Every structure is written in structure tokens, then in C-alpha cells.
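Engineer: A predicted structure for the sequence below; I have some questions about it.
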2 protein chains.
Amino acid sequence: MRARELAQPYPTVTLGSPALNAARLVADRHLPGVLVVDADGAPYAILPASRFVRLLVPSYVIEDPALAAVVDERHADRLCASLADRAVADILPRERTAAPAVADDDTLLEVAALMARERSPLVAVMAEEPDGPRLIGVITASHLLDRLLSVA
Amino acid sequence: MRARELAQPYPTVTLGSPALNAARLVADRHLPGVLVVDADGAPYAILPASRFVRLLVPSYVIEDPALAAVVDERHADRLCASLADRAVADILPRERTAAPAVADDDTLLEVAALMARERSPLVAVMAEEPDGPRLIGVITASHLLDRLLSVA
């Protein structure tokens, strides 16, 4: 079996997408994170859900847990302002988590080896096309595990 | 709103559970990972799905990607043997990822602050009971994000 057969659609955002839209996508669909693609549609980074939570919490609350207990969450309207006028490119952590990628004709063991090396929850699957590589989907760790256990 | 109101049931395994059962739980329910609890039912570690993938792939394949392309995945029956006679305690990485925990009466901002500090995809919610703390559920980052965005 090849990577392309296990690839599934996965929500992506671009570097220029509004950060708040990306946050709502994660929240509405209960995703562990979103895949960020660059202007050419190539995987650029993974933005985990915890990153958005971090951006919504004022840094003085993160640094002083005692304050977290007394700040009212209804002030979250002000918290959201931290996302409102920013693009996805502006909220990437300095040390971004690159999205590992495989070719669509790679074997499942090649996918597994990459995932194991990178300790990544997903890998992007790319097809080589005349006008450049194109993202055809992702393979998640749980989906790959399902496949590896079922052939055993 | 308090942590207990946002806590949801989440699959757990114990340190003594068969590793293969834990892997099948992740695979069957397409989980990003499982929560490992100790003999007292307290959160001990998070085992991400990628950890199971890593255990199924022979180390010579992880170290030499060229080999991954030529090893047949039908040999996965032998790969599964790496999980078959082991308990969850035996497959935890040396540097385990501890599961962060909050009290059931903590505020959502306290939960968010902990999640942000730990960069964790989930936190365990514990209730203090006469015979000790009891796990009542977990809060995932995406679920918390959903709540924080909706009050804004």
C-alpha cells in the first residue's frame, strides 16, 4: 500500500489567513491543530490547538498562576483581540513545528519511519505534478497505526 | 465556569494494561493518544499515537529511510510482536510526557494558563474526594478554545 491510498483531506490555512479564522476552525471541528500551507500550497507548519489557547491567555496569567484564579473569563473579549487583527504568519511560534511530508508513492513503512523520527501526529502527502508538488492530504498517526495493526 | 463543567470522559489505560490493547484503542477510536493512569487512578503520562507507530517500526528502518522503502509492510506481523508481550509501563518513553492536572473547581483561565505553560493538548480534571483525588475527565485544547472563543 502506498501513502496516497491512506491520505485523507485535512483542513489547511494559509500564512495570510486571519488568525481568528484558524482558531475558529480548530474550535468548531475539535481539531488537535491545523496544517499551515505556504503560497504554493506546500506544507509549512503545524499549529497545535494549545498555541491558540496560549495566545488567548495574557502572559501575566501564564507567568503567575495565582492571577488566573481571579481574572474573570468574561474578559475573554479582550483576549480575543490578541487574535483579531493578526494573520496566521504572525502567530507562528519562533521555533515552528514543520509539517513532515512524504511522496504519494512512498510505502507505509516509509511514512511510519518518518513519523517515528519526527514524533509527529501527522504527515503531509505530496503528489509530484507538472507545475510542482501538490498537497493531496495527510496521514495521521492513529490512522496509520490502525492500518499497521490490521495487516498484522 | 469551572473545570468540572468542561471535563469530558476520555479513554484511559493503566500502567499494567497490555500495550497492544492500548494501541488498538488509539487505532480504533482514532485518538491522538491515550491517558495513562497509575494504580490509584491518577494521571501518570500521555502516550501519543506516534509512540505506538515508533514501536511498530524496526529501529534499523527508522535509522535508514532507504530500508523503509524495501521492507514489506506485510512483515508487520513481526512488528506487532514488539507490542504483544509488553505492558503500557514497558513502552513509556524514558522522558515521559506527564499529564498536567487541574482541580475540578479551577477556573477556565487556570486551565488555559496550565495548558499554555505545558503546551499540552489536554489536561486531566481531578476531584478531591474523601479517599483521595479522582479523575473525572479531561479538557482538550480545542474544546477549551471553543469555550474561550464563544464567551468573547
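Structural biologist: Structure's in. What do you need?
Engineer: Where does pLDDT dip in chain A?
Structural biologist: A:72-81, A:152 (pLDDT under 70).
Engineer: quick one, helices of it?
Structural biologist: For chain A, the helices defined by DSSP state H occupy A:3-6, A:19-28, A:49-56, A:59-63, A:65-68, A:76-84, A:88-91, A:108-118, A:141-150.
Engineer: Please list the outside residues in contact with the fifth one.
Structural biologist: By Cβ atoms under 8 Å, 6 or more residues apart in numbering or on different chains, the list of residues contacting helix A:65-68 from outside reads A:57, A:60-61, B:107, B:109-110, B:112-114. Heads up, the C-betas are built off the backbone N, CA and C, glycines and all.
Engineer: Just the buried residues from those residues, in PyMOL please.
Structural biologist: A single PyMOL command selects the buried members of the contacts of helix A:65-68 (16 or more other Cβ atoms under 10 Å in any protein chain shown):
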select buried, (chain A and resi 57+61) or (chain B and resi 107+109+110+112+113+114)
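Engineer: Tell me the one among the contacts of helix A:65-68 nearest to residue A:40.
Structural biologist: Using Cβ to Cβ, residue A:57 comes nearest to residue A:40 of the contacts of helix A:65-68, at 33.4 Å.
Engineer: quick one: the closest one and residue B:109 touch, right?
Structural biologist: Yes: look at residue A:57 against residue B:109 with Cβ atoms under 8 Å: they come within range, at 6.7 Å.
Engineer: Distance check, the spatially most distant residue from the centre of chain A against residue B:31.
Structural biologist: Computed with Cα atoms, centre = their mean, the residue of chain A farthest from its C-alpha average is residue A:70, at 31.8 Å. Distance from residue A:70 to residue B:31, counting by Cβ to Cβ, to the nearest Å: 35 Å.
Engineer: neighbours around the closest residue to residue A:110 other than its chain neighbours, how many?
Structural biologist: Closest residue to residue A:110 apart from its sequence neighbours, by Cβ to Cβ, 6 or more residues apart in numbering or on different chains: residue B:68 at 4.2 Å. Residues near residue B:68, counting by other Cβ atoms under 10 Å in any protein chain shown, number 24.
Engineer: And residue A:30, by the same measure?
Structural biologist: By other Cβ under 10 Å, 13 other residues sit near residue A:30.
Engineer: do the same with residue A:66
Structural biologist: Neighbour tally, residue A:66, other Cβ under 10 Å: 9.
Engineer: again with residue A:10
Structural biologist: As a burial measure, residue A:10 scores 17 neighbours (other Cβ under 10 Å).
Engineer: residues contacting it?
Structural biologist: Residue A:10 neighbours (Cβ under 8 Å, 6+ apart): A:35, A:122, A:137-138.
Engineer: most neighbours, which of the residues you listed?
Structural biologist: Within those, most neighbours by other Cβ under 10 Å means residue A:122, with 27 neighbours.
Engineer: Settle this for me: that one is touching residue A:144, isn't it.
Structural biologist: No: look at residue A:122 against residue A:144 with Cβ under 8 Å: they stay out of range, at 9.1 Å.
Engineer: which neighbours do those two share?
Structural biologist: Joint contacts of residue A:122 and residue A:144 (Cβ under 8 Å, 6+ apart) are residue A:115.
Engineer: If we ignore the residues flanking it in sequence, what's nearest residue A:86?
Structural biologist: Counting by Cβ to Cβ, 6+ apart, residue A:86 lies nearest to residue A:19, which is 4.4 Å off, once chain neighbours are set aside.
Engineer: Correction: the previous question concerned residue A:119.
Structural biologist: residue B:50 (5.2 Å).
Engineer: burial count for the one you found?
Structural biologist: Residue B:50 has 26 nearby residues by other Cβ under 10 Å.
Engineer: Would you check how far apart it and residue B:139 are?
Structural biologist: According to Cβ to Cβ, residue B:50 and residue B:139 sit 22 Å apart.
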